[in-house]
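Engineer: Only the shape, not the letters, is given here:
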């Protein structure tokens, strides 16, 4: 285990984290944040049922291509961005200090929101599992609190411990889905469940491609955090680019394959109607599919691993937010104390503790309010995070385009691919906004307010900047 270079928090010092994470370690961290089993169980049926039915895998293919284009500019800028902090340091480098701080505020709101949403989803999912197994019905926040304590303990320690825990959880959750996929493809008759489905109606024959793209993109939330772990990577200029491309390719291929297999399992003619029936009844289409093709044992294991997937996801986001706060403290945007590193664990322990305290307060407020853990907590927070993450990628692509158009010796690829990515991400942001009630599951009024929150965060960060922070952030945009 490595230790931090310093635990000093004296003014003017710039603390750095340290570590020996390789490409695999970083990939495990960010793919776990994407929660692949949760996405396959949730986003894939939504993309099929509310989107374009049997053609929904194309939505995941399109989302993967857009994010690969985004990654070109993101990766090309990595050697020029020496500070960890992911999006806000990239935007600060390409678009200036004020835009950088605005982006940092959006990131904090986005990742805090999705973390709270996952706690709501996790609490509901654990209680649902316990009840289905004959246990007592308990408040969702009780289970969320237990998970929060585990995340706090792991987040306080060195990042390599979290990486090992996430690696095990990730391998298991991807493994069970791949077993289900293989069983579906190996079925000699093909589409064996089709006989159980009702004949398709006219309403099941078509759906908007944009909805499938929307849920495809939201399934990638977390992959972009590779650069957050820059200081803890063994060789960041090589590790971060490799991890970014690998994360996009692994996540994209996994989602596309799993979506196609689910379509094949129920047949192209009936899968959209089946998905909508599950969505309206609150059932789990993927678990029932696994139960039919592989038996009860694997389906039950998948249900348990769905819970560990959510824990892995919330641990990843906890680590991401803690490191955002750590870097922001180094720039003077947050209190200097947040930039402290633990003398033994080499972790941003003060920032981690603050993030834990924030999560406790937010979970308590949601519990006191009586909000539904699924619609009230997860739905609303997922809405904020969806707008926020697309905004962050859009700003980063715009920053990459601006940076390389100004940089001498840059290639046509590094100049124009970010421009294309910016246009496509602007289109996806449009899709998110016009279909926002579908994302949140809430009314138009409250959905509109939620969509405004990340935009307001950017505006606040853009204008409310201290001169000392402005001077420190200004260094980013003067990189040669």
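Structural biologist: It's in. In this text the structure is predicted, and so the values were computed from the model without any measurement.
Engineer: Contacts for stretch 416-433, please.
Structural biologist: Applying C-beta atoms under 8 Å, 6 or more residues apart in numbering, the contact partners of stretch 416-433 are 66, 69-70, 72-73, 210-211, 213-214, 217, 386-387, 390-391, 393-394, 397-398, 400-401, 404, 439, 451. Bear in mind the C-beta positions are built from the backbone N, C-alpha and C, glycine included.
Engineer: contacting residues around residue 410?
Structural biologist: Residue 410 neighbours (C-beta under 8 Å, 6+ apart): residue 404.
Engineer: Could you report the pLDDT at it?
Structural biologist: At residue 410 the predicted local confidence, pLDDT, stands at 74.
Engineer: What of the one 10 residues further on?
Structural biologist: According to the predicted model, the pLDDT of residue 420 comes to 96.
Engineer: helix or strand for it, which one?
Structural biologist: helix 412-434 (DSSP states H and E).
Engineer: helix or strand right after that helix?
Structural biologist: helix 436-440.
Engineer: Check which element follows that following helix along the chain.
Structural biologist: Next along from helix 436-440, by DSSP H and E: helix 444-463.
Engineer: for that next one, packing partners?
Structural biologist: helix 97-132, helix 380-406, helix 436-440 (3 or more C-beta pairs under 8 Å, 6 or more residues apart in numbering; DSSP states H and E).
Engineer: at 10 Å what do you get?
Structural biologist: When contacts are defined as 3 or more C-beta pairs under 10 Å, 6 or more residues apart in numbering; DSSP states H and E, helix 444-463 packs onto helix 97-132, helix 380-406, helix 412-434, helix 436-440.
Engineer: Serialize those helices to a markdown table and add fields for mean neighbour count.
Structural biologist: Below are the helices and strands packed on helix 444-463 laid out as a markdown table (neighbours: other C-beta atoms under 10 Å):
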| stretch | mean neighbour count |
| --- | --- |
| helix 97-132 | 24 |
| helix 380-406 | 25 |
| helix 412-434 | 18 |
| helix 436-440 | 20 |
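Engineer: Looking at these, which is nearest to residue 23?
Structural biologist: helix 380-406 (20.9 Å; C-beta to C-beta).
Engineer: Give the other helices and strands that that closest one contacts.
Structural biologist: Checked by 3+ C-beta pairs under 10 Å, 6+ apart, helix 380-406 has helix 56-77, helix 87-95, helix 97-132, helix 209-218, helix 349-369, helix 412-434, helix 436-440, helix 444-463 packed alongside it.
Engineer: roughly how far apart are the residue lying closest to residue 326 once chain neighbours are set aside and residue 234?
Structural biologist: The shortest distance from residue 326 to any residue other than its chain neighbours is 3.9 Å, reached at residue 348 (C-beta to C-beta, 6 or more residues apart in numbering). For residue 348, the distance to residue 234 equals 19 Å [C-beta to C-beta, to the nearest Å].
Engineer: Settle it for me: which of those two has more neighbours?
Structural biologist: residue 348 (30 against 13; other C-beta atoms under 10 Å).
Engineer: is it true that the more buried one touches residue 334?
Structural biologist: No. Counting by C-beta atoms under 10 Å, residue 348 does not reach residue 334; the two are 11.3 Å apart.
Engineer: what is in contact with those two at once?
Structural biologist: 324-327, 354 (C-beta atoms under 10 Å, 6 or more residues apart in numbering).
Engineer: among those residues, which are in helices?
Structural biologist: Among those, the residues falling in helices (DSSP state H) are 324-327, 354.
Engineer: now those: which count as buried?
Structural biologist: Neighbour counting by 16 or more other C-beta atoms under 10 Å classes 324-327, 354 among those as buried.
Engineer: what's the most distant pair in the residues you listed?
Structural biologist: 327 and 354 (13.9 Å).
Engineer: Give the residues shared as contacts by those two.
Structural biologist: Here residue 327 and residue 354 share the contacting residues 334, 338, 348, scored by C-beta under 10 Å, 6+ apart.
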